[in-house]
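[1] Could you look at this predicted model? Sequence included:
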Amino acid sequence: MNTLKHMEAVFIVTAAMAVSASYLGGAIPEAQARPYGANPDAIATSGKVAVVTVTAKRLSLAEKAAPMLASR
C-alpha cells in the first residue's frame, strides 16, 4: 500500500535509471541490413498498372464455419 502512495516517485526514479543506463550503455550498433534495390518490373508507372495475383483455393461453407464452431 505504501508503494501506491509513492508511485510518482517510483516512476521518476525508474525513468531516471533507464535513461542513464541507455546513455551509459553505449551507442546502438549499425544495422546489418542489405541495401534494397527495387525490381523495375514491380514499379507502377503512368503507362503500366501494378497487378497483384493471389492464388488460393476458396473455402467451402463448411470450412468457413469450422473455426466458429470449434471456438464455441
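    Nice, I can see it.
[2] max-length helix in the chain?
    helix 7-24 (DSSP state H).
[3] residues of the helix or strand that that helix is followed by that come out buried?
    Later in the chain than helix 7-24, the nearest helix or strand by DSSP states H and E is helix 61-70. Of the residues in helix 61-70, none is buried by neighbour count under the rule 16 or more other C-beta atoms under 10 Å. All C-beta spots, glycine's among them, are computed from the backbone N, C-alpha and C.
[4] from the chain's centre, how far out does helix 61-70 sit?
    Taking C-alpha atoms, centre = their mean, to the nearest Å, one finds the center of helix 61-70 at 29 Å from the center of the full chain.
[5] Mean confidence (pLDDT) on the longest helix of the chain, please.
    Helix 7-24 shows a mean pLDDT of 90 in the predicted model.
[6] And stretch 60-72, by the same measure?
    Mean per-residue pLDDT for stretch 60-72: 88.
[7] what does that stretch contact?
    Residues from elsewhere that reach stretch 60-72 (C-beta atoms under 8 Å, 6 or more residues apart in numbering): none.
[8] Mind exporting the C-alpha coordinates of that stretch to PDB?
    C-alpha atoms of stretch 60-72 as PDB (Å, rounded to 0.1, in the frame of the first residue of the first chain):
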ATOM      1  CA  SER A  60     -16.400 -24.000 -48.800                       C
ATOM      2  CA  LEU A  61     -19.200 -23.000 -46.400                       C
ATOM      3  CA  ALA A  62     -18.300 -26.000 -44.100                       C
ATOM      4  CA  GLU A  63     -14.700 -24.900 -44.000                       C
ATOM      5  CA  LYS A  64     -15.700 -21.300 -43.200                       C
ATOM      6  CA  ALA A  65     -18.000 -22.500 -40.400                       C
ATOM      7  CA  ALA A  66     -15.500 -24.900 -38.800                       C
ATOM      8  CA  PRO A  67     -13.400 -22.400 -36.900                       C
ATOM      9  CA  MET A  68     -16.500 -20.700 -35.500                       C
ATOM     10  CA  LEU A  69     -17.900 -24.000 -34.300                       C
ATOM     11  CA  ALA A  70     -14.600 -25.000 -32.800                       C
ATOM     12  CA  SER A  71     -14.400 -21.800 -30.700                       C
ATOM     13  CA  ARG A  72     -17.800 -22.400 -29.100                       C
END
